[in-house]
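Trainee: take a look and give me a structure for this.
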Amino acid sequence: MSNRNNSAVEEDLNSNSDPAAQDLVSKAKFFHIRRDLKKAKKTYEAALRIQTKEFGEDDPTVASTLDAMGLVFLDEINHKEALEKFNRALAIRENKLGRHVDTAQTYEHIGMVFQEQKKRERAEEMFRKALDIKLEVLPKAHPELTQLYDQIAVSLNKRGKFAEATAVYKELLASTLQVHGEDHPDVVFAYNGISSLLAGKNRLNDALEILDKSLEICDRIQQRGHFNLDKTILGATLNNKARVKRDLGDYDAAAELFNQVLNIQRATIGEMHRLTADTYEELSRLYYKQEMLEDGINAFTKALEIHRKVLGDDHPKTKQLVQSHSEYSNLELNERAQALTKQGAEMAAEGDLEKAMELLQEALDIYKETVGVHPFTAIVYGSIAAIKLDQGLLDDAIAASAEALKILRRALGDDHAKTKARMEEHRVLLSLFLQVNRS
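Mentor: Predicted coordinates for the structure are as follows:
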């Protein structure tokens with residue numbers, strides 16, 4: 001649920017900063033926002049050289065630039081360089097500023113690196129250090145506290161501490177309600193966190209109820225205009241609801257919600273952003289499950305395009321997507337397999353079972369090569385099972401039906417309507433087998 005906190009990037013530099021360096025930092029921030037990470041790094045480095053020469057290596061202005069550079073490396077998923085920059089910034093801030101909000105910000109950024117590295121205990125340690133400082137220097141229920149509560153709760157939940165994570169969100173909720181009342185963005189944030197925990201425990205309907213409540217609050221905030229509702233909070237709420245709908249098997253509703261998320265992301269963080277790419281990936285999987293192969297490939301291609309632009313062709317994430325793309329982007333082959341499946345069903349209906357099997361086997365060979373574990377493959381196995389039964393080959397029918405069921409369970413889950421239908425058909429075949437063997 002968390003979004004990257006860029007407040008350190010946006011902070012004003014020390015007033016004694018060289019005007020040329022200030023100009024470079026402003027340009028670097030612009031490049032970072034535009035997701036041109038290479039230019040952002042290069043420009044920050046130029047600013048850093050000027051600042052270091054003018055004020056020395058241990059000036060708070062230098063720390064601000066180092067911290068901002070660290071965020072760029074974090075967006076590149078270059079954890080080693082990000083940590084190096086953040087640790088240098090932290091050393092300066094601890095020495096020069098002490099228990100200051102900027103020091104807390106760097107602790108939080110270090111925690112974010114550890115979180116991405118799955119070093120959960122170290123991440124929580126950093127987040128709690130940041131929270132301790134901010135609770136000391138900021139007013140109660142200050143907006144900057146919200147994400148820290150979230151980061152701590154996420155870290156706890158990732159380590160299986162559901163109750164403790166829930167308690168953290170409830171602490172945030174109680175504090176916000178006391179100061180601001182229910183119609184406040186941070187209340188939405190806390191509810192979103194609790195819903196994510198419930199969804200992780202497969203309490204999907206409970207999660208959905210809370211998310212609907214969050215969206216009602218968002219509507220009231222927008223209508224009354226009491227607070228400026230950050231579109232990213234609305235986007236996070238819709239994103240969480242989309243995931244719950246997906247897990248409940250309501251793919252149409254999930255796809256509609258993910259498209260709403262995409263519209264918000266384009267208007268806020270932009271098209272060329274890792275989170276936008278993640279949403280395209282989610283959509284591609286949904287379309288894939290709905291047997292909307294062309295839409296799925298288009299969405300996946302868009303995700304790959306963004307990662308290539310943002311991370312480069314040599315990044316592990318990009319290489320992973322390239323490999324996945326090559327595995328199921330054979331649109332022409334899959335369209336042929338669909339046509340063969342349809343022709344096979346027509347031949348079977350006309351009684352030409354041998355020709356039907358020939359066509360279905362060809363379709364099956366294509367799907368095994370291009371999509372693997374997919375409802376398309378299961379459909380063909382199901383058709384083969386029906387033909388084998390018509391041919392009196394009950395053992396072969398059961399074997400083909402079992403393959404279809406295994407694929408649907410893996411691809412769609414036990415609760416999906418198609419899986420349940422195949423389960424029932426498989427039970428019928430097994431009952432028939434028992435009857436035959438008793439007689």
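Trainee: from here on, just use CA atoms for contacts and neighbour counts.
Mentor: Fine.
Trainee: centre-most residue in the chain?
Mentor: D278 (5.2 Å; Cα atoms, centre = their mean).
Trainee: buried sites along stretch 253-268?
Mentor: Residues of stretch 253-268 classed as buried by neighbour count (16 or more other Cα atoms under 10 Å): 254-255, 257-262, 264-265.
Trainee: can I get these in a markdown table including pLDDT, distance to K134 and secondary structure?
Mentor: Shown next, in a markdown table, are those (pLDDT from 0 to 100; distance: Cα to Cα, whole Å; DSSP: H, G, I helix; E, B strand; the rest coil):
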| residue | pLDDT | distance to K134 | secondary structure |
| --- | --- | --- | --- |
| A254 | 96 | 37 | helix |
| A255 | 94 | 39 | helix |
| L257 | 96 | 35 | helix |
| F258 | 96 | 34 | helix |
| N259 | 96 | 36 | helix |
| Q260 | 96 | 34 | helix |
| V261 | 95 | 31 | helix |
| L262 | 95 | 33 | helix |
| I264 | 93 | 30 | helix |
| Q265 | 92 | 29 | helix |
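Trainee: which of the residues you listed lies closest to K418?
Mentor: For those, the minimum distance to K418 (Cα to Cα) is 17.6 Å, reached by A254.
Trainee: what residues are up against the closest one?
Mentor: Applying Cα atoms under 8 Å, 6 or more residues apart in numbering to A254 gives the contacts 241-246, 286.
Trainee: could you report the distance from it to N298?
Mentor: 17 Å (Cα to Cα, to the nearest Å).
Trainee: now do A47
Mentor: Counting by Cα to Cα, the gap from A47 to N298 is 40 Å.
Trainee: also A400?
Mentor: Counting by Cα to Cα, the gap from A400 to N298 is 32 Å.
Trainee: and these two? Which one has more around it.
Mentor: Between A400 and N298, counting by other Cα atoms under 10 Å, A400 is the more crowded of the two (22 against 16).
Trainee: between the contacts of A254, which has the most around it?
Mentor: K241 (28 neighbours).
Trainee: what are the contacting residues of the strand or helix carrying that one?
Mentor: Assessed by DSSP states H and E, K241 sits inside helix 231-247. Here helix 231-247 makes contact (Cα under 8 Å, 6+ apart) with 1, 185, 188-189, 192, 195-196, 199, 204, 207-208, 211, 214-215, 218, 251, 253-255, 257-258, 260-261, 264-265, 268, 286.
Trainee: just the ones of these in helices?
Mentor: Mapping the contacts of helix 231-247 onto helices (DSSP state H) picks out 185, 188-189, 192, 195-196, 199, 204, 207-208, 211, 214-215, 218, 251, 253-255, 257-258, 260-261, 264-265, 268, 286.
Trainee: work out the gap between stretch 377-396 and the centre of the chain.
Mentor: 39 Å (Cα atoms, centre = their mean, to the nearest Å).
Trainee: and for stretch 423-439?
Mentor: Using Cα atoms, centre = their mean, the offset of stretch 423-439 from its chain centre is 43 Å.
Trainee: give me the buried positions along that stretch.
Mentor: For stretch 423-439, burial by neighbour count (16+ other Cα under 10 Å) applies to 423, 425-426, 429-430.
Trainee: for stretch 224-241, same thing?
Mentor: Neighbour-count burial for stretch 224-241 [16+ other Cα under 10 Å]: 229, 232-241.
Trainee: report the contact partners of V25.
Mentor: Counted by Cα under 8 Å, 6+ apart, V25 has contacts 43-44, 47, 65.
Trainee: got the confidence number for it?
Mentor: pLDDT, the model's per-residue confidence, is 91 for V25.
Trainee: what helix or strand is it on?
Mentor: V25 belongs to helix 19-33, assigned by DSSP H and E.
Trainee: what do you get for R99?
Mentor: Counting by DSSP H and E, R99 is part of no helix or strand.
Trainee: burial measure for it, as a count.
Mentor: Neighbour count for R99, taken as other Cα under 10 Å: 18.
Trainee: so what pLDDT did the closest residue to it other than its chain neighbours get?
Mentor: Nearest residue to R99, sequence neighbours excluded (Cα to Cα, 6 or more residues apart in numbering): I133, at 6.0 Å. Here the pLDDT value assigned to I133 is 96.
Trainee: got it, and S195?
Mentor: Taking S195 on its own, its pLDDT is 95.
Trainee: which residues touch it?
Mentor: 206-208, 210-211, 240.
Trainee: could the C-alpha coordinates of stretch 241-251 be exported in PDB?
Mentor: Coordinates of each C-alpha in stretch 241-251 appear next as PDB, following Å, rounded to 0.1, in the frame of the first residue of the first chain:
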ATOM      1  CA  LYS A 241     -10.200  -3.000  -3.700                       C
ATOM      2  CA  ALA A 242      -9.200  -4.200  -7.200                       C
ATOM      3  CA  ARG A 243      -6.900  -6.800  -5.600                       C
ATOM      4  CA  VAL A 244      -9.700  -8.000  -3.300                       C
ATOM      5  CA  LYS A 245     -12.200  -8.200  -6.200                       C
ATOM      6  CA  ARG A 246      -9.500 -10.100  -8.200                       C
ATOM      7  CA  ASP A 247      -9.000 -12.600  -5.300                       C
ATOM      8  CA  LEU A 248     -12.800 -13.000  -5.100                       C
ATOM      9  CA  GLY A 249     -12.900 -14.000  -8.700                       C
ATOM     10  CA  ASP A 250     -14.800 -10.800  -9.900                       C
ATOM     11  CA  TYR A 251     -12.400 -10.100 -12.700                       C
END
